[in-house]
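A.B. asks: mind looking at a prediction? Sequence and model below.
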Amino acid sequence: MKVDTAFFPTTFDAAAQVARRAEDLGFDGLWSAETSHDPFFPLVVAARETQRIELGTGVAIAFPRSPMVLANICWDLQANSKGRFILGLGTQVKGHNERRFSVKWVSPVKRLREVILSLRAIWDCWQNNTKLNFIGEFYQFTLMTPFFNPGPIEHPKIPIFISGLNPLITQLAGELCEGFYIHGFHSPKYIHETVLPNLHKGLAKAGRTREDVTLMTGTFIAMGTTRDEVEQAKGPVRQQIAFYASTRTYKGVLDAHGWGDTCFRLNEKAAKGDWAGMPAEIRDDMLEELAVVGTYDEVARKLKARYQGVLDRIVIGLGAPERQDEGRSREFLQEVRRQLAA
């Protein structure tokens, strides 16, 4: 299993620092999210500052960008990273598409399918000089003149991962994608009962096997050196879980454990702006299912128990560089690898 990390840099200098440190520590991949900053810009810096580590968007939101714009960005990142780039795409939820990005929310899974297929058609045009003629329900690409064609690159095969939780998007990943990035808001029970069966449905539809798709996730981790540190770490994790659990799109994870009513209570609090009151809805037993909690050694063992034999790679966040103990981070990564190799 590959072990990756994520970063959320606010400046190019910070991106350079984190990228160098992630490669030096020995991580296999570095993932940049679309939260309060663009997910692609830090990877431009990371591509220049590193030689080995894979670089991915975890994730970029698909629908606010034309596939042609995405195609250009990815082509340049792939060329300049010498083949180390992975495009991770997500749909986000209806409210964010319509109210944050001002993008219509129409048939998200069908539309994401067209994003994937049109990207591959555009890249094939650039690499092999094929005629661009993609005609879909949502996207049509039929014009590519020499002036706008960047031409072939050394590593034209750009892996496309998509992210999500629900059955239809999981099936799409199995059918079409090189990877599926399971949303961090999950439990082992949900992975086994919902994600894996639907992934295999998609694989069967396309005549593919499990080896054809990389399955990965990031997970919420509350850890520390002492019990007091672990308790302190639980607070921010409860807050994160409460935020995701308030979204009805993700209610299926709670339903798997009989906790569906928690989604409605959290949704009501979120609507009232009662963010401070939301974490109390996440009980300790829920936290244990939805996150990995413990000391550094315990977390390494729990990650093995939860994911070995299920995932192909895992993303472990270590926090902002200024709050990291580099020696402790190195020891933790080594312990995770030791546990996964045992």
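C.D. replies: In hand now; what should we look at?

A.B. asks: need the contact list for the residue nearest to the spatial centre of the chain.
C.D. replies: Most central in the chain under C-alpha atoms, centre = their mean is Gly58, positioned 3.5 Å from the mean C-alpha point. By C-beta atoms under 8 Å, 6 or more residues apart in numbering, the residues touching Gly58 are 6, 31-33, 39, 88, 163, 181, 218, 315. C-beta here means a position set from N, CA and C on the backbone, and glycine is covered the same way.

A.B. asks: how about Ala46: what's its closest non-neighbour residue?
C.D. replies: Nearest non-adjacent residue to Ala46, counting by C-beta to C-beta, 6 or more residues apart in numbering: Ala19, 3.7 Å away.

A.B. asks: chain center to the helix or strand harbouring the one you found: distance?
C.D. replies: Per DSSP states H and E: Ala19 is located in helix 12-25. Here the centre of mass of C-alpha atoms in helix 12-25, compared against the chain's by C-alpha atoms, centre = their mean, to the nearest Å, lies 19 Å away.

A.B. asks: each with direction, which strands does the very next helix or strand once past it pair with?
C.D. replies: Sequence order places strand 29-32 as the next helix or strand after helix 12-25, per DSSP H and E. Strand 29-32 pairs in its sheet with strand 2-7 (parallel), strand 54-57 (parallel), by DSSP bridges.

A.B. asks: would you convert those into JSON lines that also reports mean neighbour count and distance to Ile153?
C.D. replies: Output for these, formatted as JSON lines (neighbours: other C-beta atoms under 10 Å; distance: least, C-beta to C-beta, whole Å):
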{"stretch": "strand 2-7", "mean neighbour count": "20", "distance to Ile153": "24"}
{"stretch": "strand 54-57", "mean neighbour count": "24", "distance to Ile153": "15"}
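
A.B. asks: so where is the protein shaky, pLDDT-wise?
C.D. replies: 319-324 (pLDDT under 70).

A.B. asks: 80 instead, please
C.D. replies: 318-326 (pLDDT under 80).

A.B. asks: can you show me the helices along it?
C.D. replies: 12-25, 41-49, 67-80, 94-95, 108-128, 167-176, 188-190, 196-206, 227-245, 251-255, 260-272, 284-290, 296-307, 326-341 (DSSP state H).

A.B. asks: tell me which of these sits nearest to Phe101.
C.D. replies: Nearest to Phe101 among the helices of the chain is helix 94-95 (10.2 Å), distances taken as C-beta to C-beta.
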